[in-house]
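> Quick one, fold the following:
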Amino acid sequence: MKLLVTGGAGFIGSNFVHYTLNHRPEYDITVIDKLTYAGNRANLTPVLDKITLVEGDICNEQLMDSLVADTDIVVHFAAESHNDNSLRDPWPFLETNIIGTYRILEAVRKHGKRLHHISTDEVFGDLELDDPNRFKETTPYNPSSPYSSTKAGSDHLVRAWIRSFGVQATLSNCSNNYGPYQHIEKFIPRQITNILSDIKPKLYGTGEQVRDWIHVDDHNEAVHLILDKGVMGETYIIGADNDHVNNKMVIELICELMGKGKDWYEHVNDRPGHDLRYAMDSTKLREQLGWKPRFTDNQTGMRDGLLQTIKWYTDNRDWWEAQKHEVEAAYASQGQ
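Just a heads-up that it's a prediction; the model follows:
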């Protein structure tokens, strides 16, 4: 069975490749990645002899046509996904997230191939901190940034191609991921690598924001369940029930697990337009497909996953250390 993974050198996509090779060896994997900002060849270095890596742009019609023609299933991770970058320059988000998804949809329509489209909780907007509700498959979209609005647009395109042209596709919307191979400017790896560099972790604003954090392997295990058992045309919410954990609790737990006092961190300026609360209701995925997260625990929901993630960044300093000074200098210039 041939599997084409778009964005397979990015954070979640590369973890999907590693997970698939480890748990589903029947798949013959081709990765297409632009290898620009989010994609990193080093994410795939340990497995380059086991996959085919194509450096290319999903907006390239001829390239996508040839790659899709030669596969059975497309798993579409490729996206511009950094919110702050979308506020500085929205165009790459429109190009990759909208036009790139269109190219993939036209290719799978032409060649009659299966598609799974990866999306985000951010298409739903955010909730108030005291709102007990969770996002469901039926929650109306309310995106608030160029990033989330272009992801919302890509979701709508997939559903339109399912309904209008009978494309065989499923969709999933997942909460915030953490784990190995995540860029160190992101919240959790930034704090871990700060401590490993003898720098105090940085908490944005009050830290009351809630992200319903999920370990990337739990996300990717859910994707494989959808590929195996998912109903064509359906959307599945993926979340680990961590909406009781705010960012202040996350940073205190990281400090504790890494041998520091739980208050060994600094408050810095909040991010502009920082969404308050994301919370996902994954009842459909759990009840219909039998999914449950493995990297979770009864105490905080995140201890097991964070321990694994801390170990990975500790053991793989050569993956991140060269970038650390530049990343922290950029944050310092913004008071963060």
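
> just the strands in the stretch 201-336 of the chain please.
Using DSSP state E, counting those that start in this stretch, the strands of the stretch 201-336 of the chain run over residues 202-204, 214-215, 235-238, 266-268.

> Do I have it right that Ser145 meets Val123?
No: Ser145 lies out of contact with Val123 (Cβ atoms under 8 Å); the separation is 10.4 Å. From N, CA and C alone the C-beta is placed, and that goes for glycine too.

> quick one: which of those two has more around it?
For Ser145 versus Val123, neighbours defined as other Cβ atoms under 10 Å are more numerous around Val123 (24 against 18).

> What sits closest to the more buried one if chain neighbours are left out?
In space, and not counting its chain neighbours, Val123 is closest to Ala152: 4.1 Å by Cβ to Cβ, 6 or more residues apart in numbering.

> so how far is Asp212 from Arg294?
16 Å (Cβ to Cβ, to the nearest Å).

> So for the two, which sits in the more crowded spot?
Asp212 (25 against 11).

> Please name the nearest non-neighbouring residue to the more buried one.
In space, Asp212 is closest to Ser175, 3.9 Å off (Cβ to Cβ, 6+ apart).

> who does the helix or strand hosting Arg103 touch, helix- and strand-wise?
Assigned by DSSP states H and E, Arg103 falls within helix 101-111. For helix 101-111, the packing partners by 3 or more Cβ pairs under 8 Å, 6 or more residues apart in numbering; DSSP states H and E come out as helix 61-69, strand 73-76, strand 114-120, helix 146-165.

> Most tightly packed of the strands of the stretch 201-336 of the chain?
Comparing the strands of the stretch 201-336 of the chain by mean neighbour count (mean count of other Cβ atoms under 10 Å), strand 214-215 comes out on top with a mean of 27.

> picking that back up, just checking, the residue nearest to Asp212 touches Ile238?
Yes: using Cβ under 8 Å, Ser175 is in contact with Ile238, at 7.0 Å.

> Compute the distance between the residue lying farthest from the centre of the chain and Asp89, please.
Distance from the C-alpha centroid of the chain, by Cα atoms, centre = their mean, peaks at Gly261 (29.8 Å). Distance of Gly261 to Asp89, given as Cβ to Cβ: 40 Å.

> domains of this structure?
Split into domains by automatic domain parsing, the chain comes to 2-176+213-238, 182-210+244-274+295-325.

> can you tell me the distance between the two ends of the last one?
Start-to-end span of domain 182-210+244-274+295-325 (Cα to Cα, to the nearest Å) is 17 Å.

> and it, how far out from the chain's middle?
Centroid separation for domain 182-210+244-274+295-325 versus its chain: 17 Å, with Cα atoms, centre = their mean, to the nearest Å.

> buried set for the lowest-mean-pLDDT helix or strand in the chain?
Lowest by mean pLDDT, DSSP states H and E among the helices and strands of the chain is helix 83-88, with a mean of 79. Using 16 or more other Cβ atoms under 10 Å as the test for burial, helix 83-88 gives 83, 85-86.

> residues near Ala332, how many?
Residues near Ala332, counting by other Cβ under 10 Å: 11.

> One more: the one 4 residues further on?
The tally of other residues near Gln336 (other Cβ under 10 Å) stands at 17.

> How about Asn83: what's its closest non-neighbour residue?
Asn83 sits nearest to Tyr147 (Cβ to Cβ, 6+ apart), 4.9 Å away.

> circling back: what angle separates the helix holding Arg103 from helix 146-165?
With axes from the mean of the first three to the mean of the last three Cα atoms, to 10 degrees defining the directions, helix 101-111 sits at 20 degrees from helix 146-165.

> Can you give me the buried ones in helix 101-111?
Buried-residue list, helix 101-111, by 16+ other Cβ under 10 Å: 101-109.

> pLDDT wise, what is Met258 at?
For Met258, the pLDDT comes out at 98.

> measure it to Glu287 for me?
For Met258 relative to Glu287 (Cβ to Cβ), the value is 37 Å.

> higher neighbour count, the two?
Ranked by neighbour count (other Cβ under 10 Å), Met258 and Glu287 place Met258 first, with 18 against 9.

> For the more buried one, which non-adjacent residue is spatially closest?
In space, Met258 is closest to Ile195, 4.8 Å off (Cβ to Cβ, 6+ apart).

> Tell me which other helices or strands the strand or helix carrying that neighbour touches.
Per DSSP H and E: Ile195 is located in helix 187-196. In terms of contacts (3+ Cβ pairs under 8 Å, 6+ apart), helix 187-196 is packed against strand 202-204, helix 247-257, helix 303-315, helix 317-320, helix 324-333.

> Same list (those) but as a markdown table, adding distance to Ser164.
What follows is the helices and strands packed on helix 187-196, written out as a markdown table (distance: least, Cβ to Cβ, whole Å):
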| stretch | distance to Ser164 |
| --- | --- |
| strand 202-204 | 42 |
| helix 247-257 | 41 |
| helix 303-315 | 40 |
| helix 317-320 | 43 |
| helix 324-333 | 43 |
